[in-house]
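Asker: Mind folding the following:
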Amino acid sequence: MVVLTRQVNQGALQNGYVAVKKLLNSQTIDDGLFYRETNFLMSVKHQNIVRFLGYCANTENIAIKVDGSGKCGKYLYPEIRERLLCFEYISNGSLHNHLTDELRGLEWHTRYQTIKGICDGLQYLHKEKDIVHMDLKPDNILMDDLMIPKITDFGISKQLDGISQAVTRGCHVSLGYCAPEYLHRGQVSFKSDIFSLGVIIIDLVTGRKEDPDTKNVLRRWRHRWNRSATYPPSGYQQVTECIEIAARCVSHDPKKRPYISDIIRQLDELDSTNGHVNNANEPTFSLISPYPWELLDIDPLELHFPFEANKRIPCLLQLSNMRDDYIAFYVQTSSGQYLIEPSKGIVPPQSKSNVIITFQAQKMAPHRMRNKDEFIVRCTMVNEDLMTESITVDMFDEESKVVDDVSLTVAF
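Answerer: Next up, the predicted model:
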């Protein structure tokens, strides 16, 4: 299978800009692939698919001298092909450029509408056109001025023509988004795209690819909403539902993944359930209390250490107990660069405690502004008479204990 790489340029017309893709190949361009992609593009028209405007196909023979001996020399006249595809110009770049964690970047409403838009575009491809995209990933989803997602790049797409699956050779894959059955066996079905969709949903909800901890994701969104004082009334349900949908999408067994129509039906039912209570697009402005499973309200969830060479940098962590129980905590990290004071303690009912986490003096600044260091604050309910020195790491692993593990990230 010959895969065409693409060089994308911006072109100017009298009535605006266009995106021009020049197909590149170290060998001769495979016209079969080119015209197959062109056929796909000319047949699809949907608000969540990048609009195809036209193509240019030019072929000419160029004289290349191969033998300089003799009076005339010898020449070859290979066929040189140039193939261009023209699309509407999308100004906001790819979705990849907009992916961040829960605490920054796109608001939840925009992320949720992006998920729904991608699903609508994918349903059109699957149900209306029988097309498996085969390379669905954030780089292949463009965002317009209104942050409407548009699926692009059909270079390796496949039309199933009524069959449930097919096998292809010479797989071109995007690691992290490619379904395992396609990666290992070349098996292609609509469920291949569903796997990719699941990873994209996780990207959008959390900004990370690993399996999400639903409680910590909800906790971080609650902090974001409280900080901005704009809480989408259906936010909790939407985040929870999207994580649940994504978990089913990324199942290694294709049979356990939902069809795109099932996903859209689930999202529509969620919207209709919440719609009669309040407009999901209209935020409210009251602070959200900690969720029932949050034993301590911890602030901040991202520790900031403004770096200065050869100086210790402290960060204040506040632990608030809004319950009527005594809550023990233990702060853990795998990095030896920090001093935690105190690393454990007990927060009485309706009280607050402070922890100082200090980044030890360093000569050089960290390579990344957002470090991979992570802290875990382990919390559990204890008896009133428990002493701080009796708190051990093992007590948080007892089966009878209700434990809330809070993840904290680090930024410099």
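Asker: Just the helices from this protein, written as ranges.
Answerer: Remark: helices assigned in the chain by DSSP state H are 31-43, 108-123, 180-185, 190-206, 214-228, 235-249, 260-275.
Asker: Who are the contact partners of the closest residue to Q123 other than its chain neighbours?
Answerer: Leaving aside its chain neighbours, Q123 sits nearest to I260 (4.6 Å; criterion: CB to CB, 6 or more residues apart in numbering). C-beta coordinates here come from the backbone N, C-alpha and C atoms, glycine included. Listed by CB atoms under 8 Å, 6 or more residues apart in numbering, the contact partners of I260 are C119, L122, Q123, H126, K127, F190, D193, I194, L197.
Asker: Quick check: the two most widely separated of those residues?
Answerer: K127 and L197 (14.4 Å; CB to CB).
Asker: Looking at those two now, which is surrounded by more residues?
Answerer: Between K127 and L197, counted using other CB atoms under 10 Å, the more crowded position is L197 (25 against 14).
Asker: tell me the pLDDT at the residue lying closest to the more buried one once chain neighbours are set aside?
Answerer: Excluding the flanking residues, the one nearest L197 by CB to CB, 6+ apart is C249, at 5.6 Å. With respect to pLDDT, C249 scores 98.
Asker: quick one, phi/psi of E399?
Answerer: Main-chain torsions, E399, degrees, to the nearest 10: phi -60, psi -30.
Asker: That one: neighbouring residues, count only.
Answerer: So E399, with other CB under 10 Å, has 4 neighbours.
Asker: Contact partners for it?
Answerer: Taking CB under 8 Å, 6+ apart, one finds nothing in contact with E399.
Asker: could you point out where the stretch 301-412 of the chain is predicted with low confidence?
Answerer: 368-371 (pLDDT under 70).
Asker: For Y124, see how far away the residue lying closest to R323 once chain neighbours are set aside is.
Answerer: The shortest distance from R323 to any residue other than its chain neighbours is 6.2 Å, reached at P349 (CB to CB, 6+ apart). Using CB to CB, to the nearest Å, one gets 55 Å for the distance from P349 to Y124.
Asker: So for those two, which sits in the more crowded spot?
Answerer: Y124 (19 against 12).
Asker: Surely G345 touches Y326?
Answerer: No - the pair G345 / Y326 is not scored as a contact, 10.7 Å apart, by CB atoms under 8 Å.
Asker: how many other residues sit next to I243?
Answerer: Counted with other CB under 10 Å, I243 comes out at 19.
Asker: Relative to T388, how far out is it?
Answerer: With CB to CB as the criterion, I243 and T388 are 36 Å apart.
Asker: The lengthiest strand in the chain pairs with which strands, and in what direction?
Answerer: Longest strand in the chain by number of residues (criterion: DSSP state E): strand 370-382. Using DSSP bridges, the strands paired with strand 370-382 in its sheet are strand 326-333 (antiparallel), strand 403-411 (antiparallel).
Asker: Restricting to C-alpha, output the last one in CSV.
Answerer: Yep, that's strand 403-411 we're talking about. C-alpha atoms of strand 403-411 as CSV (Å, rounded to 0.1, in the frame of the first residue of the first chain):
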residue,chain,number,x,y,z
VAL,A,403,-10.5,6.2,50.9
ASP,A,404,-10.4,9.3,48.6
ASP,A,405,-7.1,9.6,46.7
VAL,A,406,-6.7,13.1,45.3
SER,A,407,-4.2,13.6,42.5
LEU,A,408,-2.2,16.9,42.4
THR,A,409,-0.2,18.0,39.4
VAL,A,410,2.9,20.3,39.3
ALA,A,411,3.6,23.4,37.2
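Asker: how big is the angle separating it from helix 214-228?
Answerer: Comparing the axes of strand 403-411 and helix 214-228 via axes from the mean of the first three to the mean of the last three CA atoms, to 10 degrees yields an angle of 60 degrees.
Asker: Strand 403-411: which residues count as buried?
Answerer: For strand 403-411, the neighbour count (16 or more other CB atoms under 10 Å) marks D404, D405, V406, S407, L408, T409, V410, A411 as buried.
Asker: Distance to Y77 added to the helices of the chain, as CSV?
Answerer: Below are the helices of the chain laid out as CSV (distance: least, CB to CB, whole Å):
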stretch, distance to Y77
helix 31-43, 18
helix 108-123, 44
helix 180-185, 40
helix 190-206, 42
helix 214-228, 61
helix 235-249, 52
helix 260-275, 49
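Asker: Highest mean neighbour count out of those helices?
Answerer: helix 190-206 (a mean of 24; mean count of other CB atoms under 10 Å).
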